[in-house]
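In: Structure of the sequence below:
(2 chains)
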Amino acid sequence: MAFRLKLVPDNTRINFFRWQGLTFGISAVAMLASVIIILINGFNFGIDFRGGTTIRTESPTAFEVSDYRQAMDELGLGDVSITEVFDPTFGAEKHVAQIRIGTTNETGSVTPEELNRIEAALKTVDPQVSFAAVESVGPKVSGELIKTAVYAVGAATLGILFYIWLRFEWQFALGGVFALVHDVLLTLGIFSLFQIKFDLSTIAALLTILGYSINDTVVVFDRLRENLIKFKTMPLIDVMNLTVNETLSRTIMTAVTTALALTAMLVLGGDVIRGFVFAMLWGVFVGCYSTIYVAKNIVLWLGVKRDWSKPDKTAAAEKSDLAGTPFQDMP
Amino acid sequence: MLNIPLWKRIAILGLVALGLLYAMPNLFYSRVETHNDAVVAAERAGFETPEQAAARAMWPSWLPSSLVNLGLDLRGGAHLLGEVHTADVYKSRMTALWPDLRDALAAQRDVIGPVRRVPGPEAELHVEIGNPDQMAKAVEIARTLAAPVASLSGAGSSSLDITASGPTLIVRLSEAEKAATDDRTIQQSLEIVRRRVDEVGTREPTIQRQGKDRILIQVPGIGSAEELKALIGTTAKLTFSPVVGRGTDPNAAPGLGNIVVPSLDEPGVFYTLAEAPVVTGEELTDARPSFDQNGQPAVDFRFNPQGAKRFGAYTAANIGQPFAIVLDNQVISAPTIRDAITTGNGQISGAMDVNESNRLAVLLRAGALPAKITFLEERTIGPELGQDSIDAGKIAAVVATALVVAFIIASYGLFGVFASIAVIVNVILILAVMSAMGATLTLPGIAGIVLTVGTAVDANVIIYERIREELRAGKRVAQAIDDGFNEAMSAIIDANVTTFIAALVMFFLGSGPVKGFAVTLTIGLVTSVFTAIYLTRLLIVLWLDWRKPQTLEL
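Out: Numbering: from 1, shown residues only, chains lettered A, B, ... in the order given. Purely as a prediction, here's the structure:
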């Protein structure tokens, strides 16, 4: 008998609907809380979305943010924020700061003269400071980037909604998309709560979460459809429980492998990418939760066609389009 | 399903081997890069220096030598997004049209009366005519100057929009012509930006059009975006213009058809020039840095035959008069014409240092931008930061893979080993496909690969869990494995299609690093389906054939 690590024992019989009021309630409350937090806190938008300039400085000697601030204040550049960046991958010889300057002119970029003045000013308090990166985005582009970002998330959601509707039933599509909205809202909420920098790569992370979360949900739906055909008379709630139990091992396994990989990236991948990886890791967590406790509850409430063996007219049409779906083999 | 024909086995293993071969150059990144650079340089020059031959010998030419393109965030460099002011061109088109229109109208002076240009919007030509009742005739004359629009969408329409308002004839570019002009302006700008960037000889710059009137420029290895901006942001519009007057008042009324231009090296001095130049920089064939007779940096230039002829005729007719050399709306110098200059050679001197004369020569050689470019977005990433990101990404990817492999083997034993092989082959295939396609790897792209390491296992997990169930249902080993693969198929396809939809959206709506991430994610999806379904199955089948197990512990 070889050793096997089993996170989920064989043949679980967990009743996932036992506390559905509670589990779904948690989701609902968390979503509501996210909305409220976002309304109150807003986001810590990076320059991608609000324009301005960021400068990443590096210095072999330790510095005080207050010194930097003083040096910068004398330049009169308006809205300036300075934060020190800490990272376990930095050695003792590396001290990094992120300086953000609000939009100063129409194109949003600092002029070369301003950059030289900033460098000279910082050199007076920290002679060995150097600029590792300078990025500047004008208000025109940042406005467009916000628009594109919203379109992107919307388009991805619609595309997925359409695909699931095509492959399954509209109840599944609604359930899946509700789970997506849940995941996106909760991710946005945590970005607002901890004021994590929200930039273009965060949008990429959100879209990845969409893909991952629906992936998870779809595997459960796929099995649910199969079981609905197999157990025609079993109450819907029991079929669902059976399905989630059957796929539980896979849900957990995949979440763990993905989380393992992402955790390695989170810890070792450096500070530049950390916000992005954190968003994805959090997305894996909420995606896993929504798969088990959110998506199918919606399907349960909406009800679903039980008799899959005698397809009605529309289903027949669908069947010819989708040769290769599991129910094509049914008598 | 378990009987994989021989050709299929060979195809699967062949693909994997090909992947290994194409991914391998990335292991020796700097070595292969040196080799590639030497090959390109030798090809360009037409001959090979001994150093280049040595560099080329660092990598055997019969091995694949394509590398994954490193994005700016990994390599360091500058990124600029510029907007071309396409409307600038309308104005110069109108200015150029005026002399022709004036001559055409003047030829019919006895019918339409005297004509004169009156002020109007920049992109329009307003002409007042003496006999407003003959307006129809004037419009007809102006129409003869219009040409059909030379573009697909605007075919059939006229290039000019000609209307009359009281005694004023109004000429402007038609909408179709504007669209065609805009397109041409962008194409020209792209070409000139490309020439300027190529002149300074940096490696693999990306210069592409984005949207209607934007240009995206990415140059790896350049010190800062400012440097790049200085090179690209200058219009470098050179004209040789007749001088009408000289004064100190910037607000002096120049008179119609004239402009007031400041002097570059005489503060407070302004020249009044005729707006239509004698010759423009477009008629230069060559420009190179040199020194004038006082040993000051200067730029020598040569006109093409038409330019030389026109310049010769003008100088012959205006001996003793000054003319101005104007660069980007500043008079560089205004010498007096001593002789007719018919050779077509000339020199620009003025207050500049050696660097500036070098840059001016580059700019003049590359040609003037047809319109001004302003920059909406600029990013400079230092090379050290990029290297740090690569190093961190590499370590993270290795650790992530090790963790996933350990976990999957602990969970599934021997089958876990198969899945692990698939995962590692998957990463190699991603790199191979990216190298072959010349796709760009960005920092989010590295995160994408790491994520793929996590999710690639998913297909295997779905299959293995299914096999476990089939085994529990009491099926024989081969049957359970076969059913496991078959039943898991639809879930795997659905799961990957949904992720693919998200990646597709990112690719089309994203920019820069996000796009790079989408590319990596998409390639990862395709390769992971291949490795999870075909490669793992082949490995399992080979094992089944070899051991013929009666029971299976999974």
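
In: Setting the sequence-adjacent residues aside, check what's closest to residue A:12.
Out: Closest residue to residue A:12 apart from its sequence neighbours, by C-beta to C-beta, 6 or more residues apart in numbering or on different chains: residue A:245 at 4.8 Å. The C-beta positions use only the backbone N, C-alpha and C, and glycine is treated the same way.

In: part of a helix, is that neighbour?
Out: Yes. The assignment for residue A:245 by DSSP: H, G, I helix; E, B strand; the rest coil puts it in a helix.

In: That one contacts residue A:10, doesn't it?
Out: No. Residue A:245 is beyond contact range of residue A:10, at 10.3 Å (criterion: C-beta atoms under 8 Å).

In: ok, how many other residues are close to the residue nearest to residue A:12?
Out: Here the count is done by other C-beta atoms under 10 Å in any protein chain shown, and residue A:245 has 16 residues near it.

In: secondary structure class for the spatially most central residue of chain B?
Out: Nearest residue to the geometric centre of chain B (C-alpha atoms, centre = their mean): residue B:207, 1.5 Å. Assigned state for residue B:207: strand (three-state reduction, three-state DSSP).

In: Any idea what it is bridged to?
Out: In this entry, residue B:207 is beta-bridged to residue B:217, by DSSP bridges.

In: Tell me the spacing between it and residue B:516.
Out: For residue B:207, the distance to residue B:516 (C-beta to C-beta, to the nearest Å) stands at 17 Å.

In: Could you chop chain B up by domain?
Out: According to the domain assignment given by automatic domain parsing, chain B is divided into the following structural domains: B:6-29+B:384-547, B:87-174, B:234-378.

In: These: which one's closest to chain A?
Out: Between chain A and the domains of chain B, the shortest separation by C-beta to the nearest C-beta is 3.4 Å, and it involves domain B:6-29+B:384-547.

In: and the helix or strand hosting residue A:206, how far out from the chain's middle?
Out: Using DSSP states H and E, residue A:206 falls within helix A:200-230. Taking the mean C-alpha point of helix A:200-230 and that of its whole chain, the gap between them comes to 13 Å (C-alpha atoms, centre = their mean, to the nearest Å).

In: What are the buried residues along the longest helix anywhere in chain B?
Out: With residue count as the measure and DSSP state H as the assignment, chain B has helix B:477-509 as its longest helix. If you call a residue buried by 16 or more other C-beta atoms under 10 Å in any protein chain shown, then helix B:477-509 has these buried ones: B:477, B:480-485, B:487-507, B:509.

In: List, out of those, those positioned next to chain A.
Out: When the buried residues of helix B:477-509 are filtered against chain A using C-beta under 8 Å from any C-beta of the partner chain, the residues retained are B:487, B:490-491, B:494-506, B:509.

In: how about low-confidence regions in the stretch 401-550 of chain B?
Out: Along the stretch 401-550 of chain B, the model assigns pLDDT under 70 to residues B:511-513.

In: Tell me which stretches of it form strands.
Out: Per DSSP state E, counting those that start in this stretch, the stretch 401-550 of chain B has strands spanning B:440-441. These are given in chain order.
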